[in-house]
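*Asks:* take this sequence and fold it.
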Amino acid sequence: MKATTLTALKRERAGKGAARAVRNQGLVPGVIYGDKQPPVLFSIDPRQLLAQMARPGFWTHQFEIDIEGETTLTMCQDLQVHPVSDRPIHVDFLRIRADSVVTVDVPVKFVNEERSPGLKRGGVLNVVRHEIEAHCKASEIPEVLIADLAGLDIGDSIHISAIALPAGMQPTITRDFTIATIVAPSGLKSEETGTVAATEAAPEAKA
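*Replies:* As a prediction, this is how the structure comes out:
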């Protein structure tokens with residue numbers, strides 16, 4: 001996966017007052033840390049962050065932060081947003097190398113819904129996990145993990161063992177956990193519940 005370049009300005013002072021001053025200039029304060037090196041403080045135009053946040057897989061992308069001509073390969077570790085406007089107000093990037101092993105949340109993409117007998121019959125896809133947390137080399141992080149629904153009927157589930165993972169990628173949960181299930185539609189559930197209730201009530205009615 002090719003890294004996306006973001007340009008930033010170096011800032012010298014840390015602390016709440018310094019961060020507030022950066023925000024007053026219309027910029028977002030940030031920090032790069034990790035890889036046993038000193039942290040680097042910077043400020044960045046929020047429009048760059050907003051553009052990347054709008055793309056799928058923001059948390060799995062690699063970013064080259066260009067601070068006045070000096071570039072650092074990173075991944076975003078934390079992004080604080082304003083509670084009302086949702087605009088970024090602080091960002092943390094983790095310094096990485098191509099062979100660094102990182103922990104990421106990779107989105108799950110469901111495909112072949114039209115080839116699922118259960119969904120054709122009106123079943124509902126109940127997603128248990130929209131993302132999978134896993135350990136992976138930074139250079140081999142997938143954009144998404146594909147969950148194939150072909151052939152699944154009502155009552156069937158798809159587990160992590162059915163997902164093709166990149167070589168070396170290990171989910172943080174070691175058991176064969178459920179990604180999604182196909183459940184009966186609420187109307188069918190109500191009909192079944194009503195039938196059971198009527199059956200149970202029948203002897204009482206005869207008495």
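*Asks:* count the residues that sit near P107.
*Replies:* Per other CB atoms under 10 Å, the neighbour tally for P107 reads 16. Bear in mind the C-beta positions are built from the backbone N, C-alpha and C, glycine included.
*Asks:* pLDDT averaged over the helix or strand containing it, what's the number?
*Replies:* Per DSSP states H and E, P107 falls inside strand 101-111. The predicted model assigns strand 101-111 a mean pLDDT of 93.
*Asks:* show residues contacting that strand.
*Replies:* The contact list for strand 101-111, computed with CB atoms under 8 Å, 6 or more residues apart in numbering, reads 56-57, 59-60, 75, 94, 96, 125, 127, 129-138, 141-149, 163, 172, 179-180.
*Asks:* how does it look with 6 Å?
*Replies:* 59-60, 130-133, 135, 137-138, 141-142, 144-149 (CB atoms under 6 Å, 6 or more residues apart in numbering).
*Asks:* residues contacting the residue nearest to Q25 when sequence neighbours are not counted?
*Replies:* Residue nearest to Q25 in three dimensions, not counting chain neighbours: S43, with 7.4 Å by CB to CB, 6 or more residues apart in numbering. Going by CB under 6 Å, 6+ apart, S43 touches L9, R11, V22, L27, P29.
*Asks:* just the CA trace of the helix or strand hosting S43, in PDB.
*Replies:* Secondary structure from DSSP H and E places S43 in strand 37-44. What follows is strand 37-44, C-alpha atoms only, in PDB (Å, rounded to 0.1, in the frame of the first residue of the first chain):
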ATOM      1  CA  GLN A  37      12.900   8.200  18.900                       C
ATOM      2  CA  PRO A  38      12.000  11.600  20.400                       C
ATOM      3  CA  PRO A  39       8.500  12.900  19.700                       C
ATOM      4  CA  VAL A  40       8.100  15.500  16.900                       C
ATOM      5  CA  LEU A  41       5.500  18.300  17.300                       C
ATOM      6  CA  PHE A  42       3.800  19.700  14.200                       C
ATOM      7  CA  SER A  43       0.800  21.600  13.000                       C
ATOM      8  CA  ILE A  44      -1.200  20.700   9.900                       C
END
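*Asks:* need the per-residue pLDDT for L188.
*Replies:* Note for L188: predicted pLDDT of 60.
*Asks:* to clarify, my last question referred to S139.
*Replies:* For S139, the predicted pLDDT is 83.
*Asks:* so how far is I65 from the residue nearest to it when sequence neighbours are not counted?
*Replies:* Of all residues not flanking S139 in the chain, A98 sits nearest, at 4.3 Å (CB to CB, 6+ apart). Distance from A98 to I65, counting by CB to CB, to the nearest Å: 16 Å.
*Asks:* average pLDDT across the strand holding S43?
*Replies:* Rounded mean pLDDT across strand 37-44 is 95.
*Asks:* and that strand, which strands flank it?
*Replies:* Note on strand 37-44: by DSSP bridges, its sheet partners are strand 4-10 (antiparallel), strand 28-34 (antiparallel).
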